[in-house]
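Asks: Provided below are the primary sequence and the corresponding predicted coordinates.
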Amino acid sequence: MPGGGFSKLPNGSVVVALSLPSPAGDGSTVRFLVHAVNRARALTRLRNLGLRAVYLRGNAEPPTPDEITAVLHHPEGLLWRTTPADHKELWHPIRALLRPRSWGAAPEAPKAPDLAPQAPPRLTLPQPDPVRRPEPRAPIAGSA
């Protein structure tokens, strides 16, 4: 079951900590830390990243002092890590979680460039449109 909590800092801002099920589906949980002006904005930051069903009910698992220090010293103010029992894993920026690759899949290896000689591309210039000259007009009768 997801859990979480918050701590209000002396300057009025809050640090919200949420434990959510892992996107990998392996039964583990992921702990998110968000530093924001208030609790609503912290949850909005997570919802804007694609975590739609994020709610903070109660204060059962508030952030520890170490977690508060970690999120305050990070420029983005948004960190995550899996929640093992030993807590030896370091905190990751949210960019590491939102990479475009799918969970459990190996990253694609970069493709080697094709070194076979190729003919240079032919340059074709656009042809100008033929210039249309107006037909000469017949002199107007009665002038001259």
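Replies: Received, thanks.
Asks: Show me what whatever helix or strand Leu79 lives in packs onto, helices and strands only.
Replies: Using DSSP states H and E, Leu79 sits in strand 78-82. Strand 78-82 is packed against strand 29-36, helix 65-72, strand 92-93, helix 94-97, with contacts defined by 3 or more Cβ pairs under 8 Å, 6 or more residues apart in numbering; DSSP states H and E. Glycine gets a C-beta too; all of them are placed from N, C-alpha and C.
Asks: May I see these arranged in JSON lines, with distance to Asn48 and mean pLDDT as well?
Replies: Formatted as JSON lines, those follow (distance: least, Cβ to Cβ, whole Å; pLDDT from 0 to 100):
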{"stretch": "strand 29-36", "distance to Asn48": "11", "mean pLDDT": "90"}
{"stretch": "helix 65-72", "distance to Asn48": "17", "mean pLDDT": "91"}
{"stretch": "strand 92-93", "distance to Asn48": "16", "mean pLDDT": "82"}
{"stretch": "helix 94-97", "distance to Asn48": "11", "mean pLDDT": "73"}
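Asks: And the strand holding Leu79, what's buried?
Replies: Within strand 78-82, the residues that qualify as buried by neighbour count (16 or more other Cβ atoms under 10 Å) are Leu78, Leu79, Trp80, Arg81.
Asks: Deepest in the core, which of the helices and strands packed on strand 78-82 is it.
Replies: Relative to the other members of these, strand 29-36 carries the highest mean neighbour count by mean count of other Cβ atoms under 10 Å, namely a mean of 22.
Asks: No further questions, thank you.
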